[in-house]
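*Asks:* fold the following, please.
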Amino acid sequence: MKFTIKQKDKSSNARRGIVSTDHGDIQTPAFMPVGTLGAVKAVHIKDIKEEINPDIILGNTYHLYLRPGLEIIKSAGGLHKFNAWDKPILTDSGGYQVYSLAQMRKITEKGVRFQSHIDGSYHLFTPENVMDIQRVIGADIIMAFDECTPYPCEYKYAERSMHMTHRWLKRCCTHFDQTEDLYGYSQTLFPIVQGSVYKDLRKKSAEYIASMDREGNAIGGLSVGEPHDMMYEMTEVVCNILPVDKARYLMGVGLPQNLLECISLGIDMFDCVLPTRNARNGMIFTHDGIMNIRNKKWENDHSPIDSKSQTFAAQEYSKAFLRHMMRCNEILGAQIATIINLSFYMWVMEESRNQIENGTFAHWKDETIKRITKRL
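*Replies:* Numbers count the residues shown, from 1 in each chain. Okay, here's the model as predicted:
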């Protein structure tokens, strides 16, 4: 993997770049639609390619390990062959699932013993076998195994967890470097900065992660309930330490305004379930603001859902029709809403890249946030 910076914004730390992988280039800033089980919920791969057109999607190690299982994925030739996606893929290591399964797991120095949320069976994730699992899944970018601390989190716990994440990272790197790619293309390992919302811990973690000198770096443990201002503060602290010439990935973030603010701080890559999950619940992101399509005010509104969008779904379907689909729980409603939301996120990324290249990002960001956060 190679990261190249093409342009830096003059009035912020935003940058426009390219992450090059064996499955193609990722234009940054980039948002990765989340395909937890190998597919983005409610959207056909064909529609992802033709309507939404991201450069990369995300899969989840924990979920894919449990279902369909490594044997099936390996026999298919890796996740790219299994789900018919021929562009880059990133896999989360399962650290966030460790965080979310608080009542079903036990953390030790060795790793995490947990119960499957599907059948209650017991499993063990270690830094070493998580590298092996992600080798089998075959993502282009794989994540180190870490512990994602909750918010709020006591300082002493956050400190202990951070140091354990660092020890796990060293084991991840050692094992990763001693193993080989399985499918004829290269994989890249990203370490993850932790430290909760404590500035001194974030600094220590960022310094340690930077010292590992991997091809890219991630920031985890944010967007877990802390105030947005605190998330921005921690992100800025870390971005000031992580190498400028390495891609920076902020995990699990977030709302469109969060993406724009974090791009201005120097973040290159994002992922979040929010646009797809909110779509299925009827929250639609548009160029003019946010709408709850289930509201009665849209019942007889036959205007396009978002006339400024370039997608068929946003231009050709009406607000009234989408409301009808959603209220009737028709699958098509979830499909339309998901395509519109993800396409909007792709527009935010594409326009951010354009504005950075033009030297106008900072002013455009402030004006855009005012517009797209309005409730319609």
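*Asks:* only C-alpha atoms from now on, for both contacts and neighbour counts.
*Replies:* OK.
*Asks:* kindly provide the distance from residue 96 to residue 224.
*Replies:* As for residue 96, its distance to residue 224 is 10 Å (criterion: Cα to Cα, to the nearest Å).
*Asks:* which one of the two is surrounded by more residues?
*Replies:* With neighbours defined as other Cα atoms under 10 Å, residue 96 and residue 224 compare such that residue 96 has more, 22 against 18.
*Asks:* shaky segments in the protein?
*Replies:* For the chain, residues meeting the criterion pLDDT under 70 lie at 98-99, 102.
*Asks:* centroid-nearest residue for it?
*Replies:* residue 271 (1.6 Å; Cα atoms, centre = their mean).
*Asks:* can you pull up the bridge partners for that one?
*Replies:* Under DSSP bridges, the beta-bridge partners of residue 271 are residue 32.
*Asks:* between residue 96 and residue 224, what contacts are shared?
*Replies:* Between them, residue 96 and residue 224 have no joint contacts when contacts are counted by Cα atoms under 8 Å, 6 or more residues apart in numbering.
*Asks:* output stretch 100-115 as PDB - backbone C-alpha positions only.
*Replies:* Below are the C-alpha coordinates for stretch 100-115, written out as PDB (Å, rounded to 0.1, in the frame of the first residue of the first chain):
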ATOM      1  CA  SER A 100     -20.000  -4.000  22.600                       C
ATOM      2  CA  LEU A 101     -20.100  -7.500  24.000                       C
ATOM      3  CA  ALA A 102     -19.300  -6.400  27.600                       C
ATOM      4  CA  GLN A 103     -21.600  -8.900  29.200                       C
ATOM      5  CA  MET A 104     -20.300 -11.800  27.000                       C
ATOM      6  CA  ARG A 105     -16.500 -11.600  27.200                       C
ATOM      7  CA  LYS A 106     -13.500 -11.800  29.400                       C
ATOM      8  CA  ILE A 107     -10.300  -9.800  28.600                       C
ATOM      9  CA  THR A 108      -6.900 -11.100  29.600                       C
ATOM     10  CA  GLU A 109      -3.300 -10.500  28.400                       C
ATOM     11  CA  LYS A 110      -3.600 -13.400  26.100                       C
ATOM     12  CA  GLY A 111      -6.700 -12.100  24.300                       C
ATOM     13  CA  VAL A 112     -10.500 -12.000  24.600                       C
ATOM     14  CA  ARG A 113     -12.600 -15.000  25.300                       C
ATOM     15  CA  PHE A 114     -16.200 -14.300  24.200                       C
ATOM     16  CA  GLN A 115     -19.500 -15.900  23.600                       C
END
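*Asks:* who's in contact with that stretch?
*Replies:* 98, 116, 121, 122, 123, 124, 125, 126, 127, 164.
*Asks:* my guess is the residue nearest to the centre of the chain meets residue 252, correct?
*Replies:* Yes. Using Cα atoms under 8 Å, residue 271 makes contact with residue 252 at a distance of 5.2 Å.
*Asks:* now do the contacts for the residue nearest to the centre of the chain.
*Replies:* Contact criterion Cα under 8 Å, 6+ apart gives 31, 32, 33, 34, 58, 250, 251, 252, 253, 254 as the residues in contact with residue 271.
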